[in-house]
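# sequence first, predicted model second:
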Amino acid sequence: NFGVGLSNLSSNLFFESPFSKGKGSFIISGRRSFQSNFYNNIFESFSEINESSSTTVTPQNVGRGGRNIPILEVQPNTYFYDLNSKITYRFNEKDIVSLSIYNGQDNLDNSRDVNESSFTNPNGGVRNFNFNQESTDLAAWGNTGGSLKWSRRWGNKFYSNANVSYSNYFSERDRMNITNIVRSDTTLERNNGNIEKNNLTDFTAKVDNELKLSSKNQLDFGFQSSRNEILYSYVQNDSISVIDRYDESQLSSLYIQDKQLLGENLVLKGGLRSSYFSQTEELYIEPRFSFNYVINEGLEFKGAWGKY
């Protein structure tokens, strides 16, 4: 099975199919936006609204000495894309393995160049300097993730899920101005702006188990361990490092929970979670309790308590 879609702002496609005589299946899908005439018309309509509400700039009412301010028309370049894929395979009646992968990113380019042609000389004549400014205005952010899951049914009363996952988020912003002014006897170059980068990575492994003690009693238990890495940097004027920081942490947990059905209307849950956080080097004990009492199909009471 496959499909393709096309609109005024984006396109998408997907493809899915079973394989190995129905033991496995996979799906792949993706999207990407683009700047069509429809997008440009929307942008121009907003620009016209902003221009109608602003004051008109003329050489008689701007700047000191009658110098005119340059008026620029900038067309941003922006797009996003994302990709999804998943493959699942059943080895037998007890074991299922699945692999999922995701990647997506947004990009925005609002860069522009300014030179002496962008200015007007209200007094006429020839200018005695050359002016050029390259303004970089780039923004990008996105996610990448993947997970591998193994599900195992050990018997009629015992079931397990094991999962290993990876995720990464990043954002980058580049706002730099490079200005050059050349006169007959001097040359001036100036760089100003900032570059900001943020990167967060997460590695997680966990195992969840379900054990049915009876038709009205179920025991859940397992563990989870996550490692986080954070990288952040902020550079000003292309050379001054204001912030360059790297942090990492490890959070590991064990848990156990009992779910008990009393009668036909009351469900009780009680459990205990123990977590160790590397940044504080402390062990946290977190008990919790909840109940759910059903009076009829339209009314029920819930309550919970816990230490988190």
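Right, received. Where do you want to start?
# for the rest of this, base every contact and every neighbour count on C-alpha atoms.
Noted.
# which parts of the stretch 151-300 of the chain are strands?
158-183, 187-214, 217-236, 240-262, 266-277, 282-296, 299-306 (DSSP state E, counting those that start in this stretch).
# want to throw those into CSV with mean neighbour count?
Supplementary listing: the strands of the stretch 151-300 of the chain in CSV, determined by neighbours: other C-alpha atoms under 10 Å:
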stretch, mean neighbour count
strand 158-183, 18
strand 187-214, 16
strand 217-236, 17
strand 240-262, 15
strand 266-277, 17
strand 282-296, 14
strand 299-306, 11
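# paired strands for the host helix or strand of Asp137, with orientation please.
Assigned by DSSP states H and E, Asp137 belongs to strand 129-153. If you go by DSSP bridges, strand 129-153 pairs up with strand 95-109 (antiparallel), strand 112-115 (antiparallel), strand 158-183 (antiparallel).
# got a markdown table for the ones you listed, with distance to Asn265 and mean pLDDT too?
As requested, the strands paired with strand 129-153 are exported to a markdown table (distance: least, C-alpha to C-alpha, whole Å; pLDDT from 0 to 100):
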| stretch | distance to Asn265 | mean pLDDT |
| --- | --- | --- |
| strand 95-109 | 34 | 95 |
| strand 112-115 | 67 | 76 |
| strand 158-183 | 25 | 92 |
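# for the ones you listed, which one sits closest to Phe289?
The closest of these to Phe289 is strand 158-183. By C-alpha to C-alpha, the value is 23.2 Å.
# ok so, going back, show me what counts as buried in the strand holding Asp137.
In terms of neighbour count (16 or more other C-alpha atoms under 10 Å), strand 129-153 has its buried residues at 131-153.
# contact partners of stretch 141-153?
Under the criterion C-alpha atoms under 8 Å, 6 or more residues apart in numbering, residues 94-107, 159-172 lie in contact with stretch 141-153.
# repeat that for stretch 291-308.
Residues from elsewhere that reach stretch 291-308 (C-alpha under 8 Å, 6+ apart): Asn265, Leu266, Val267, Leu268, Lys269, Ile285, Glu286, Pro287, Arg288, Phe289, Ser290.
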